[in-house]
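> could you look at this predicted model? Sequence included:
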Amino acid sequence: MKIGRIGYINCAPVYGAIDRGVVALPPGCELVTGTPAELNDLLVAGELDVSVISAIEYARHAKDLVLLPELAISCDGPVRSVALFSRRPVGQLDGRTVLLSASSRTSVALLELLCRDVWKIKPRFAEARAEAQDLDALAALPHEAVLVIGDAALALAARGTYPHRYDLGEEWKRWTRQPFVFAVWAARRSAASASLAHKALLASRAWGLAHLDDLAVEASRKTGVPVAACREYLGGLDYAFTDTHRAALSDFLRRAGVPQFLQVA
């Protein structure tokens, strides 16, 4: 069985105990690391059996997938790692070039909603690579603003090169008064032993949430972001999936015009 995980530090609380051997995956399981978009495509193609997946991509392919309960990546306010960095106030981006990270589809859909329904602007969107190693090249591209996610967003915020930064989790909360679900965990409907993998992930999450200080130190070494900022970031994320999260996700999908089929294993 192949299990997908995002290579960003936001997954450390879920996979940290597995990496350390504190929690064992079922025999024969293999971890596959990638960006959110890469994992989305692998799971949909059947190259992964279980994976974290962008919430909107789960909804788009729900006929082939089953949602694993109790586990997600969400925020109830600032998310810190999904942000629009801009050279001018967002109200002045109408008709301007906004680069979109190629790595996340839920974040792109959320930004499009905010532009349309909250900020009332129509930027010119263009896709670009925006991982941490791409930030210098990204700065050279013609644009007025850029959507960056994950570790790259934390690093770019630390640089302070853009005068305006809009946290998409915070903007959604201000708009709807709800949490925002960026990613969920799902399994192929044909996957055997998915329930055992799910139990291991839940056990690993329990360990991770009890050891956020240790994970923050490791995250700082990986990203170069100060330990305190990593600790604040990890502590601000929510890894549960409750009825409240389900309702918020359903509302987002409705606003985005995506058919809903949130069947839980």
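That came in fine, so what should we check first? Every value quoted in this text rests on a predicted model; they were computed, and no experiment measured them.

> ok, residue 219 - contacts?
Contacts for residue 219 were tallied using CB atoms under 8 Å, 6 or more residues apart in numbering; they are 9, 12, 225, 230, 233-234. C-beta: built from backbone N, CA, C; applies to glycine.

> try residue 25
Counting by CB under 8 Å, 6+ apart, residue 25 touches 3, 18, 31, 197, 200.

> now residue 110
With contacts defined as CB under 8 Å, 6+ apart, the neighbours of residue 110 are 82, 168, 172, 180, 252.

> I'd guessed the fourth one sits against residue 173; true?
Yes. In this structure residue 180 lies within contact range of residue 173 using CB atoms under 8 Å: 7.1 Å.

> between the contacts of residue 219, which has the least confident prediction?
pLDDT across these is lowest for residue 225, at 93.

> and what about that one, helix, strand or coil?
Put simply, residue 225 is coil when judged by DSSP: H, G, I helix; E, B strand; the rest coil.

> quick one: end-to-end length of stretch 123-139, please.
For stretch 123-139, the first and last residues are 18 Å from each other (CA to CA, to the nearest Å).

> tabulate the contacts of residue 110 (CSV), appending pLDDT, secondary structure and neighbour count.
Shown next, in CSV, are these (pLDDT from 0 to 100; DSSP: H, G, I helix; E, B strand; the rest coil; neighbours: other CB atoms under 10 Å):
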residue, pLDDT, secondary structure, neighbour count
82, 97, strand, 28
168, 98, helix, 25
172, 98, helix, 26
180, 98, strand, 29
252, 96, helix, 24
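
> returning to that earlier point: who touches both of residue 180 and residue 173?
Residues touching both residue 180 and residue 173 by CB under 8 Å, 6+ apart: 75-76.

> quick check: longest strand of the chain.
For the chain, the strand with the greatest residue count under DSSP state E is strand 65-75.
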